[in-house]
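Colleague: make a model of this:
(4 chains)
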2 protein chains.
Amino acid sequence: METGRSLIDAVRERCGRCSGRSLSICNVIDDQDLPALVAASSRVVFPSGRCFIQEGAPAHDFYVLTGGRAKLFTLMPDGRRQIVGFAELGDFLGLTSSETYAFTAEALGDVTLCRFPHSAIDRLVERFPRLRGRLQKEASSELVKMQSRLMVLGRKTARERLASFLVEQASPCCGHHALHDEREPLTLPLPMSRTDIADYLGLTIETVSRTFGLFRKEGLISVKGASSVTLLEPGVLSDMANGIKRD
Amino acid sequence: METGRSLIDAVRERCGRCSGRSLSICNVIDDQDLPALVAASSRVVFPSGRCFIQEGAPAHDFYVLTGGRAKLFTLMPDGRRQIVGFAELGDFLGLTSSETYAFTAEALGDVTLCRFPHSAIDRLVERFPRLRGRLQKEASSELVKMQSRLMVLGRKTARERLASFLVEQASPCCGHHALHDEREPLTLPLPMSRTDIADYLGLTIETVSRTFGLFRKEGLISVKGASSVTLLEPGVLSDMANGIKRD
DNA sequence: CCCATCAATTGATCTAAATCAATCTTCTAC
DNA sequence: GTAGAAGATTGATTTAGATCAATTGATGGG
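Modeller: Purely as a prediction, here's the structure:
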């Protein structure tokens, strides 16, 4: 919460050059109203591996992710883990129907976020009614993604799951902008570990590794050092992800 | 869309005695404003087996379920099916971020719904701003349910999945009202087929049937004619659903 | 630069659940 | 009531992916 001169600087510094501005819920706020946004929020930075939202903890704040990426997961008492999503630029975290967070969020590499206390959001919504609609749209869009994840976990094979994951990673944030070109190679950074991918896809680390190996042998991808993949046949992978057989 | 005298009758007939009134989004509308609700919507009834929302079709309407139950599912091109949820009294269907429905909805037994064209909802939201918040809460709560379904499909065993399903069916609609009593038997109607349960839990019909058989042998449930179960040990089932071992 | 540590790969074996295959119920229509 | 059809159960066998077990390859501190 900044005031006076420093607030104007903060606006210029924070929202003005924020790479999440056009993607996040902030895109329903006009430039001249940005000071209200800055006043309502504070910027926070977390180092790799830090859990900044704890499943079950009282939910006091919303977050907009403005840099880096995060993994969102839930745990069972015996340690089984399900990653429910990866958050990226512009994603909105902390929507929950109850008084507590439904998942833990952990920084994948360093992460920067804008934190909005619930009370501040309420005030913002009152002042900018469009924000409420934007929040609902965000929730609905997440809901649609969840439905396709259920299909991945409930009905797809290991190959189809990994293909779904790669194709999903290839469509940057805002979604269903189809793959640029059927045959155009596409290189992706993979900031998450094989264990994370396994816990996202409901597989074991060994199966993920083996399936990467198969895709490599089949000329569908090439791998550089475990944290970067190139999709050599995006069209084939996309069809595989959707359960469509070619010939 | 009724008018004049018939509208008042319709209000008394429709919302006044609607069993979904207190559960659905309609509970943010005061009694004296009900006519606006009735005017904005139409009541529709579908027979068992009818698909009243089609995955991929243009999304023109929202629905509030006011009687019966429905299954919501998505299909893969080869016919694999994932049920993404069962809708019951008061549930709100048709929230989507895109211009098309994300799932198919099919009546499980006869179903009655209130249908709201998108345009009508927009007008209602303008007139009753609280409605927007209610819609968002609905979406958020569905999101939380989805996260626990991901854990079911991604990480739980067949026994844990079926236990999760039974416990979920036992907590009527509004959720986490814990099971009445650890040891109090609880009888549930199961309007869905074994195939539906299998497609909801990411299992085959045979595995569902076998697991029912095991639970029966272990004295955890008793089954009356495939469409009714009694939970004899709700506490044990609940622990099993959450992956907690007893003794 | 090299060792220690942790992540990823690869191989051998096992198993939970799928698939294949009969029955056995339940319900409906006549 | 009875025949037919659909759904559910139960059994035998197979298999995709898990588990167990080394090895190999990265990464970072001294």
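
Colleague: pLDDT at the residue nearest the centre of chain A, what is it?
Modeller: Residue closest to the mean C-alpha point of chain A, counted by C-alpha atoms, centre = their mean, is residue A:87 at 1.9 Å. At residue A:87, the model reports a pLDDT of 95.

Colleague: which residue packs closest to it, ignoring adjacent ones?
Modeller: Counting by C-beta to C-beta, 6 or more residues apart in numbering or on different chains, residue A:87 lies nearest to residue A:70, which is 4.4 Å off, once chain neighbours are set aside. The C-beta positions use only the backbone N, C-alpha and C, and glycine is treated the same way.

Colleague: distance from the chain centre to the helix or strand harbouring that neighbour, please.
Modeller: Here residue A:70 sits within strand A:61-75, counting by DSSP states H and E. Remark: strand A:61-75 is offset 7 Å from the chain centroid, using C-alpha atoms, centre = their mean, to the nearest Å.

Colleague: what strands flank it, and is each parallel or antiparallel?
Modeller: Strand A:61-75 sits in its sheet next to strand A:81-87 (antiparallel), strand A:92-93 (antiparallel), strand A:104-117 (antiparallel), going by DSSP bridges.

Colleague: ok, residue A:76 - contacts?
Modeller: By C-beta atoms under 8 Å, 6 or more residues apart in numbering or on different chains, the residues touching residue A:76 are B:151, B:155-156, B:242-243.

Colleague: those residues: which two are farthest apart?
Modeller: Farthest pair in the contacts of residue A:76 (C-beta to C-beta) is B:155 and B:242. Separation: 11.7 Å.

Colleague: so which of those two has more stuff around it?
Modeller: The neighbour count for residue B:155 versus residue B:242, taken as other C-beta atoms under 10 Å in any protein chain shown, is higher for residue B:155 (20 against 17).

Colleague: do you know how far the residue nearest to the centre of chain A is from DNA strand D?
Modeller: Separation of residue A:87 from DNA strand D (C-beta to the nearest atom of the strand, to the nearest Å) stands at 22 Å.

Colleague: with residue A:196 instead?
Modeller: Residue A:196 is 14 Å from DNA strand D, by C-beta to the nearest atom of the strand.

Colleague: what is the host helix or strand of that residue packed up against?
Modeller: Assigning secondary structure by DSSP H and E places residue A:196 in helix A:194-201. With contacts taken as 3 or more C-beta pairs under 8 Å, 6 or more residues apart in numbering or on different chains; DSSP states H and E, helix A:194-201 sits against strand A:61-75, strand A:81-87, helix A:158-170, helix A:205-217.

Colleague: tell me which of those lies nearest to residue B:29.
Modeller: When the helices and strands packed on helix A:194-201 are compared by C-beta to C-beta, strand A:61-75 sits nearest residue B:29, at 26.9 Å.

Colleague: is that closest one up against DNA strand C anywhere?
Modeller: No: Strand A:61-75 does not reach DNA strand C (C-beta under 7 Å from any atom of the strand); its nearest approach is 12.8 Å.

Colleague: for that strand, C-alpha coordinates in CSV please.
Modeller: C-alpha atoms of strand A:61-75 as CSV (Å, rounded to 0.1, in the frame of the first residue of the first chain):
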residue,chain,number,x,y,z
ASP,A,61,-5.5,-13.1,-0.3
PHE,A,62,-5.8,-13.5,-4.1
TYR,A,63,-2.7,-13.5,-6.3
VAL,A,64,-2.1,-12.6,-9.9
LEU,A,65,1.0,-14.2,-11.2
THR,A,66,3.2,-11.7,-12.9
GLY,A,67,6.5,-13.5,-13.5
GLY,A,68,7.8,-17.1,-13.4
ARG,A,69,5.6,-20.2,-12.9
ALA,A,70,4.1,-22.2,-10.1
LYS,A,71,2.7,-25.6,-9.5
LEU,A,72,-0.6,-26.1,-7.7
PHE,A,73,-1.2,-29.4,-5.9
THR,A,74,-3.0,-31.3,-3.2
LEU,A,75,-1.7,-34.1,-1.0
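
Colleague: ok now stretch A:105-120, how far from the chain's centre?
Modeller: 12 Å.

Colleague: now do stretch A:26-34
Modeller: Chain-centre distance of stretch A:26-34: 22 Å, with C-alpha atoms, centre = their mean.

Colleague: what does it rub up against?
Modeller: A:11, A:15-16, A:18, A:20-21, A:36-37, A:64, A:128, A:130-131, A:133-134.

Colleague: so what's the gap between the helix holding residue A:196 and the chain middle?
Modeller: Here the centre of mass of C-alpha atoms in helix A:194-201, compared against the chain's by C-alpha atoms, centre = their mean, lies 15 Å away.

Colleague: wait, the residue nearest to the centre of chain A touches residue A:93, no?
Modeller: Yes: contact between residue A:87 and residue A:93 holds when scored by C-beta atoms under 8 Å: they sit 5.8 Å apart.

Colleague: now the common contact residues for these two.
Modeller: Joint contacts of residue A:87 and residue A:93 (C-beta under 8 Å, 6+ apart) are A:65, A:70, A:72, A:105.

Colleague: surely the second one touches residue A:108?
Modeller: Yes: if you go by C-beta under 8 Å, residue A:70 and residue A:108 touch, sitting 5.7 Å apart.

Colleague: out of these two, which sits in the busier spot?
Modeller: More crowded of residue A:70 and residue A:108, by other C-beta under 10 Å: residue A:70, with 28 against 20.

Colleague: secondary structure element for residue A:153, which one?
Modeller: helix A:130-155.

Colleague: what about that helix, near DNA strand C?
Modeller: No: Helix A:130-155 does not reach DNA strand C (C-beta under 7 Å from any atom of the strand); its nearest approach is 9.0 Å.
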